[in-house]
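**Q** mind folding the following:
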Amino acid sequence: MNKKIMALMLSGVFVLGGLTGCGKKDEADVDTTSISDMVSSTYTVDIGPSSTLNGDATEVLMMKDGMVMSDLTGEWINADLADKRYFGIMVNNISEAMPQSGVERADVIYEILEEGGITRLLAIYQGDYEDIERIGPVRSARHYFDRKALEYDAVFVHWGHSIYAGQDFDVIEDLDDIDLNGKDGSYGFRVSRPGKALEHTGYTSGQNIADAIAKNEFDSEKCDTYKKMFNFNVKDKVPEGGQDANKITTAFNDGRKPWFEYDADSGLYKRFQYGTEQIDELTGNQLAFKNVIIQFAPHQGISGDQVGCIDVNLVGEGEGWYASDGKIIPIKWKKSPKYNMIDFSTTNGMLDYGMRSGPCTDYGVTTFYTEDGEKLKMNPGKTWVTLFQDDNKDGIIIE
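**A** Coordinates of the predicted model:
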């Protein structure tokens, strides 16, 4: 746990007046009204060593009764997990690969297009994952997936990779990867799936990932400059001014139209694709999420590429949607890196072997905002993020 520079404790009332500098008050990302409703608990504010009292309010760590608010879900987790590093894994998402295993345990899932109009998933896990007996089927990496994992300082797990992702592994020193089809092959395994092609049979386990992290001597804790991506309400809050969103369809193209349906009983968005529920094979449960984010971003072909690989631009700013509790609101996003990565869309097939040695956060972390410019505060729970073509906004259908 990061050393506490300052802590405030209370029962029923939370005051941030002490967190001020000269002149303008810095407002921490804490819902004071929500906390005051929870009068039976004790809260602590923990400001990590990378912060100053006038610094970024996202560095405030919320604690309750010895538990810590998760950076990924906003839920209360054991304090000894607060600094534990995440892992992100590439998961096959075509119809022939269904059903997937172990994905229900992920805290955040990204869906992003790749060549051929299909999508793959990046599933991100926090905490005690060693008991997950099977995760997969695991597939090969694309460079925009590894760059998204880097925003979380997550160890990136994949089964092979494109030439562009391989280039990232070679030149980004702070990007730690586990290649189950290469240097870390002993940590992957095949599962018999009669009628399935070989590429849909590659898996790993939570324990195997933990062992691979140890064998590679990767850091087991987040980097010192880690910055969280999400901000959360302390308790559930319906998005203000939102329109009804009982069904959200993300029609990437004619052949790829997954959707979410809001279940009022559970307060979650249930996931569907290929005409049916998307389930986890290990549990039989349908995937469901408290939060759904749609992030519009530029998608373009890579000049000189011979197999149709694409580039998804994760840097800059853009628009999107945030849905929770059956309501949806427009949002904005921004990512401003200190150092830029290779722009493969303009290299015309040439690869850049210049080393990138800055810490993970130097490459930027996405921040989401409401339309009025305030940081988006999401409801506690799991989140699904769809990266969607910014020139295909009509493909998002809200009902």
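
**Q** tell me, what residue is most central in the chain?
**A** Taking C-alpha atoms, centre = their mean, the centroid of the chain lies closest to Val108, which sits 4.6 Å from it.

**Q** ok, the closest residue to it other than its chain neighbours to Thr250 distance?
**A** In this structure, Val108 finds its nearest non-sequential neighbour in Ile124, 4.4 Å apart by C-beta to C-beta, 6 or more residues apart in numbering. (Glycine included, C-beta is placed from N, CA and C.) Distance, Ile124 to Thr250, by C-beta to C-beta, to the nearest Å: 19 Å.

**Q** over to Glu261?
**A** Using C-beta to C-beta, Glu261 is found at 13 Å from Thr250.

**Q** which one of those two is surrounded by more residues?
**A** Counted by other C-beta atoms under 10 Å, Glu261 and Thr250 do not tie: Thr250 has more neighbours, with 23 against 17.

**Q** where does the prediction get shaky in the stretch 51-200 of the chain?
**A** The stretch 51-200 of the chain contains residues with pLDDT under 70 at 51-61.

**Q** which residue ranges of the protein form helices?
**A** Assignment of helices within the chain using DSSP state H yields the ranges 32-36, 143-151, 163-171, 206-215.

**Q** deepest of these, which one?
**A** helix 143-151 (a mean of 25; mean count of other C-beta atoms under 10 Å).

**Q** and the angle from it to helix 163-171?
**A** Orientation of helix 143-151 against helix 163-171 (axes from the mean of the first three to the mean of the last three C-alpha atoms, to 10 degrees) gives an angle of 40 degrees.

**Q** and the strands in the stretch 151-300 of the chain, which stretches?
**A** For the stretch 151-300 of the chain, the strands defined by DSSP state E, counting those that start in this stretch occupy 155-158, 177-179, 189-190, 202-203, 231-232, 243-244, 247-250, 259-263, 268-273, 276-277, 288-289, 291-297, 299-301.

**Q** strand partners (parallel or antiparallel) of the fourth one?
**A** Paired strands of strand 202-203, with direction, are strand 189-190 (antiparallel) (DSSP bridges).

**Q** from the chain's centroid, how far away is the strand it pairs with?
**A** What separates the centre of strand 189-190 from the centre of its chain is 26 Å, taken as C-alpha atoms, centre = their mean, to the nearest Å.

**Q** also stretch 230-237?
**A** Its chain's C-alpha centre and that of stretch 230-237 lie 16 Å apart, by C-alpha atoms, centre = their mean.

**Q** could we number from 524 for the rest of this?
**A** I'll keep to 524 as the first residue from here, and by that count the last item is stretch 753-760.

**Q** quick one: terminal-to-terminal distance for it?
**A** Stretch 753-760 has an end-to-end distance of 15 Å (C-alpha to C-alpha, to the nearest Å).

**Q** from Glu722, how far off is the closest residue to Tyr726 other than its chain neighbours?
**A** Distances taken as C-beta to C-beta, 6+ apart put Gly659 closest to Tyr726, at 3.6 Å, once the chain neighbours are dropped. Plainly put, Gly659 is 11 Å away from Glu722 if you go by C-beta to C-beta.

**Q** neighbour count winner among those two?
**A** Remark: of Gly659 and Glu722, Gly659 carries more neighbours, 29 against 16, as counted by other C-beta under 10 Å.

**Q** bridging residues for that one?
**A** With DSSP bridges as the criterion, Gly659 is bridged to Ser624.

**Q** contacting residues around Thr773?
**A** Neighbour list for Thr773: 634, 780-782, 817, 909, 911, 918-919 [criterion: C-beta atoms under 8 Å, 6 or more residues apart in numbering].

**Q** can I get those residues in TSV with distance to Glu842 and neighbour count?
**A** As requested, the contacts of Thr773 are exported to TSV (distance: C-beta to C-beta, whole Å; neighbours: other C-beta atoms under 10 Å):
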residue	distance to Glu842	neighbour count
Glu634	18	22
Lys780	21	16
Pro781	20	20
Trp782	20	16
Ile817	9	24
Thr909	13	23
Phe911	10	25
Gly918	14	16
Ile919	11	17
